[in-house]
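Engineer: Provided below are the primary sequence and the corresponding predicted coordinates.
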Amino acid sequence: MCRECGAEYPPTLIYACEECFGPLEAVYHLEKIEVSRETFRYRPRTVWRYRELLPLDDEEHIVDLGAGYTPLRRCEGLADALGIKSLYIKDDTVNPTNSFKDRPSSVAVSKALEFGAEAVGCPSTGNLAAAVAAHAAKAALPCYIFVPANTELNKVLQAAIYGARIVAVDGTYDEANRLAAQAAEEYGWAFANINLRPYYVEGSKTLAFEVCEQLGWRAPGSIIVPLGSGALLCALDRGFRQFKELGLIDDAPIRLIGAQASGCAPIADAFKAGSDDVEPIEHPETIAKSLAIGDPGDGFYALKAIRGSGGVAESGSDREILDAIRLLAETEGVFAEPAGGVTIAVLK
């Protein structure tokens, strides 16, 4: 269904509303879903334990590498260092390809199989490339990855090892995204964050489900989320709301805090300026390459969710990000990439 005009569409490969070009999202008839806390007790500890709340009709098409149900680490050392009473970190570095992108990729590639797609792929700044490529390999589907030419080599190599064909674009992520969209339309390929996007983003909300379950069926008072396109924060917001509507958690407020790198912070800049317009960053400059999305597709909706929750959006410099990575490693023994370090930098 279109977020803007409310137009409805049957499940298909589609990128945007054909009426107003607004973004689309999956719709669930929550009143028909019968689940309780006990429902999940003995289910496999992956994103698919929440299968009633994921957009797949036939479980035979599930492509599952074991993503999800990652540790929720209580960080007493980091909390003490920052003067915070209670602090937890959701550690998605232990996912199959070492990032949260395994969650939406599992859903996207599963949906591609259900649609009978001949190939899958994505534009990416790194993490999504590896995640989609790994799940495509498991599904025995050809995979095409479009990346900016300056993407970190280890990210590209990881995707290539899974058998993906890499298309290096001499430009920014946004330019790679446009070229990938053209290829998907021309060849009918199923691209995770393009024509599979309404389904793909649903995988990320499992982070919200797990946090609530791991906190003893309680929601956190505040949550800090790294912002690239803004889709992750929107997905978490949607996940918390769905659990509330199903009566799985209490209807308590959850403050959403968005974190960006200063060298590419269009959402945080708009928030601090009191604006609803997210002005694109033409040339992102930050070590947090996986967040270097100058024209965030869900920026407006992320802003709306942050403000509606009473939250904030802030940014950290590259120096602050590096210091945050070191602090997390020294206090908790967790080594995060720059996109994860951004959250600690903003928390400080």
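Structural biologist: Yep, that arrived.

Engineer: what about the helices in the stretch 1-150 of the chain?
Structural biologist: 76-82, 102-115, 127-139 (DSSP state H, counting those that start in this stretch).

Engineer: Skipping adjacent residues, who's closest to residue 243 in space?
Structural biologist: In space, and not counting its chain neighbours, residue 243 is closest to residue 249: 4.8 Å by CB to CB, 6 or more residues apart in numbering. All C-beta spots, glycine's among them, are computed from the backbone N, C-alpha and C.

Engineer: Now do the one you found against residue 209, distance only.
Structural biologist: 10 Å (CB to CB, to the nearest Å).

Engineer: what touches both of these two?
Structural biologist: residue 243 (CB atoms under 8 Å, 6 or more residues apart in numbering).

Engineer: For the lowest-mean-pLDDT helix or strand in the chain, which outside residues touch it?
Structural biologist: The weakest-scoring helix or strand in the chain, judged by mean pLDDT, DSSP states H and E, is helix 153-161 (a mean of 89). Residues from elsewhere that reach helix 153-161 (CB under 8 Å, 6+ apart): 97, 124-127, 129-130, 132-133, 143, 145, 147, 166, 168, 289-290.

Engineer: Which one of the residues you listed is nearest to residue 54?
Structural biologist: Proximity to residue 54 was ranked across the contacts of helix 153-161 by CB to CB; first place goes to residue 132, at 16.8 Å.

Engineer: residue boundaries of the helices in the stretch 151-300 of the chain?
Structural biologist: 153-161, 173-187, 197-200, 206-214, 231-245, 266-273, 299-308.

Engineer: Run the angle between the first one and helix 127-139 for me.
Structural biologist: Between helix 153-161 and helix 127-139, the angle comes out at 20 degrees (axes from the mean of the first three to the mean of the last three CA atoms, to 10 degrees).

Engineer: Keeping just the C-alphas, turn helix 153-161 into CSV.
Structural biologist: Extracted in CSV, the C-alpha atoms of helix 153-161 (Å, rounded to 0.1, in the frame of the first residue of the first chain):
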residue,chain,number,x,y,z
LEU,A,153,37.6,-3.6,-0.9
ASN,A,154,36.8,-6.2,1.8
LYS,A,155,33.1,-5.6,1.4
VAL,A,156,33.3,-6.1,-2.4
LEU,A,157,35.5,-9.2,-2.0
GLN,A,158,33.0,-10.7,0.4
ALA,A,159,30.2,-10.4,-2.1
ALA,A,160,32.3,-11.6,-4.9
ILE,A,161,33.4,-14.8,-3.0
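
Engineer: please begin residue numbering at 21 from this point
Structural biologist: Okay, using 21 as the starting number, the last item reads as helix 173-181.

Engineer: I'd guessed residue 36 sits against residue 45; true?
Structural biologist: No. Shown here, residue 36 and residue 45 do not form a contact pair, counting by CB atoms under 8 Å, at 11.4 Å.

Engineer: Can I take it that residue 334 is in a strand?
Structural biologist: Yes. Membership of residue 334 in a strand is supported by DSSP: H, G, I helix; E, B strand; the rest coil.

Engineer: My guess is it contacts residue 281. True?
Structural biologist: No. Residue 334 is not in contact with residue 281 according to CB under 8 Å; the separation is 10.8 Å.

Engineer: and these two? which has more neighbours close in?
Structural biologist: Taking neighbours as other CB atoms under 10 Å, residue 334 and residue 281 compare with residue 281 leading, 31 against 20.

Engineer: Pretty sure that one sits against residue 336.
Structural biologist: Yes. Using CB under 8 Å, residue 281 is in contact with residue 336, at 6.5 Å.

Engineer: any residues in contact with both of the two?
Structural biologist: residue 362.

Engineer: ok, of the helices of the stretch 171-320 of the chain, where does mean pLDDT dip lowest?
Structural biologist: Mean pLDDT per stretch puts helix 173-181 lowest among the helices of the stretch 171-320 of the chain, at a mean of 89.

Engineer: Pull out the buried positions in it.
Structural biologist: Using 16 or more other CB atoms under 10 Å as the test for burial, helix 173-181 gives 175, 176, 178, 179.

Engineer: Please produce CSV containing those residues, extended by distance to residue 129.
Structural biologist: CSV is the format used below for the buried residues of helix 173-181 (distance: CB to CB, whole Å):
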residue, distance to residue 129
175, 18
176, 19
178, 16
179, 14
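
Engineer: So if we follow the domain assignment, how does the chain break up?
Structural biologist: Here the domain assignment for the chain is 92-117+223-367, 122-220, based on automatic domain parsing.

Engineer: could you redo those domains as a markdown table and give each row distance to residue 57?
Structural biologist: Below are the domains of the chain laid out as a markdown table (distance: least, CB to CB, whole Å):
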| stretch | distance to residue 57 |
| --- | --- |
| domain 92-117+223-367 | 6 |
| domain 122-220 | 21 |
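
Engineer: highest average neighbour count across those?
Structural biologist: Among those, domain 122-220 has the highest mean neighbour count (mean count of other CB atoms under 10 Å), at a mean of 22.

Engineer: which residues does the nearest residue to residue 285 once chain neighbours are set aside contact?
Structural biologist: Once flanking residues are discounted, residue 285 sits nearest to residue 335: 3.9 Å by CB to CB, 6+ apart. Contact analysis of residue 335 by CB under 8 Å, 6+ apart lists 279, 280, 281, 282, 285, 288, 289, 366.

Engineer: Can you list which of these are found in strands?
Structural biologist: 279, 280, 281 (DSSP state E).
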